[in-house]
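# just a sequence and a predicted model for now, questions to come.
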Amino acid sequence: MTQLARALTIAGSDSGGGAGIQADLKTFQELRVFGMTAITAVTAQNTLGVFDVQTLPAEAVAKQLDAVATDIGVDATKTGMLANAEITALVARKVKEHQLFPLVVDPVMVSTSGHLLLDQAARKQFIEELIPLATVITPNIPEAEALTETPLTDLNARKQAAQALHALGAQSVVIKGGHLEDDEAVDLFYDGKEFVFLRSPRFDTPHTHGTGCTLSAAIAAYLARGFTLANAVSQAKQFISAAISHAFPLGNGHGPTNHWAHRLGGELYAD
Ligand SMILES: Nc1ncnc2c1ncn2[C@@H]1O[C@H](COP(=O)(O)OP(=O)(O)OP(=O)(O)O)[C@@H](O)[C@H]1O
Ligand SMILES: Cc1ncc(COP(=O)(O)O)c(N)n1
């Protein structure tokens, strides 16, 4: 048997099962990677919104990270909801201490439903301590705008934002295009040398809760399995496209994606 790949997610729990830790573990499992977790916060959440957030003490996050890293081992890590400045700084410190690379940083700031998932006060730690450790950072358009303090009105501005995030120390950048209104859902990948467009059809569905979490978890899973960065990113894009194309109309708001849709093969984009 080849070596079992192990991936770790450092993120918040979504009781609704569509985003956060739950989306990450489902993705790891689907991609045949052993999943582990360090939970930063417990949210009471469904397809309509976030109703409560209980953030864990940074010490509890540290102990989870120490426990998995010192015993089981980690082949790739992703970060999602980090909640506050103290946890952000702690995670940066633990990533270095335990060498939790490659590292996928999903800069989760606000939920689809508009709830703040990262304190504004964490901006400094996020930019100065975490981004320089990232193998890849995966902002959506509003997150890239917030991090670069520039409106991303056109493709040129998106390219400049990718370069600016790379200049902050991230090895590579994926600026996700889910929030644009094109016929295709086009993400922009930049590795410091060239720009690559990751394309898929745009599916006409409101059920996109957890798409960003799922994409970043899939990148981490493929990296854990030893894929090159460019291959991991492009395979992850296919995984999320399938998941959105077969998203679940659950709940009364933005439903979750279907993490097993990639198994449907030729039926990928069918109804
Ligand atoms: N309607 C859609 N059809 C196809 N792909 C989509 C659609 N919406 C988003 N995507 C893709 O899903 C991935 C996540 O993009 P998005 O910009 O929605 O991230 P996000 O806002 O961080 O996600 P979320 O906050 O919902 O978890 C990207 O690859 C994007 O292109
Ligand atoms: C715990 C947690 N992590 C991340 C998200 C972002 O996902 P979305 O933008 O789809 O709401 C979320 N809602 N909850």
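Done, it's in. Here the structure is a predicted model, which is why all the values come from computation and not from measurement. Ligands and ions are numbered 1, 2, ... in the order given.
# mind checking the backbone torsions on the closest residue to Gly169 other than its chain neighbours?
Nearest residue to Gly169, sequence neighbours excluded (Cβ to Cβ, 6 or more residues apart in numbering): Pro132, at 3.0 Å. Every residue, glycine included, has its C-beta placed from N, CA and C. Pro132 adopts backbone torsions of phi -60, psi -10, taken as degrees, to the nearest 10.
# and Ile21, how far from ligand 2?
Here the criterion is Cβ to the nearest ligand atom, to the nearest Å. By it, Ile21 lies 7 Å from ligand 2.
# hang on, the earlier thing: do I have it right that the residue nearest to Gly169 meets Ala170?
Yes - counting by Cβ atoms under 8 Å, Ala170 is a contact partner of Pro132 at 7.3 Å.
# residues in contact with whichever strand or helix holds Glu97?
Applying DSSP states H and E as the criterion places Glu97 in helix 85-98. Helix 85-98 is contacted from outside by 10, 40, 55-56, 58, 61-62, 65-66, 69-70, 74, 77, 79, 82, 100-101, 103, 118-119, 121-122, 124-126, 129-130, 133, using Cβ atoms under 8 Å, 6 or more residues apart in numbering.
# Provide a list of residues in contact with Leu250.
Contacts of Leu250 by Cβ under 8 Å, 6+ apart are Thr47, His207, Pro256.
# over to Thr79?
Contacts of Thr79 by Cβ under 8 Å, 6+ apart are Thr9, Ile10, Ala11, Val91, Leu103, Val104, Val105, Asp106, Leu130.
# would you list these in a markdown table and tack on neighbour count, secondary structure and distance to Leu264?
Shown next, in a markdown table, are the contacts of Thr79 (neighbours: other Cβ atoms under 10 Å; DSSP: H, G, I helix; E, B strand; the rest coil; distance: Cβ to Cβ, whole Å):
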| residue | neighbour count | secondary structure | distance to Leu264 |
| --- | --- | --- | --- |
| Thr9 | 31 | strand | 25 |
| Ile10 | 28 | strand | 30 |
| Ala11 | 30 | strand | 27 |
| Val91 | 28 | helix | 35 |
| Leu103 | 26 | strand | 31 |
| Val104 | 31 | strand | 25 |
| Val105 | 28 | strand | 30 |
| Asp106 | 30 | coil | 25 |
| Leu130 | 24 | helix | 36 |
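# picking that back up, out of the contacts of helix 85-98, which are buried?
10, 40, 55-56, 58, 61-62, 65, 69, 74, 77, 79, 82, 100-101, 103, 118-119, 122, 125-126, 129-130, 133 (16 or more other Cβ atoms under 10 Å).
# return the subset of the residues you listed lying in helices.
Ala58, Val61, Ala62, Leu65, Ala69, Gln125 (DSSP state H).
# check which helix or strand Ala144 maps to.
Judged by DSSP H and E, Ala144 forms part of helix 141-148.
# quick one: buried residues of that helix?
Under 16+ other Cβ under 10 Å, the buried positions of helix 141-148 are Ile141, Glu143, Ala144, Glu145, Ala146, Leu147, Thr148.
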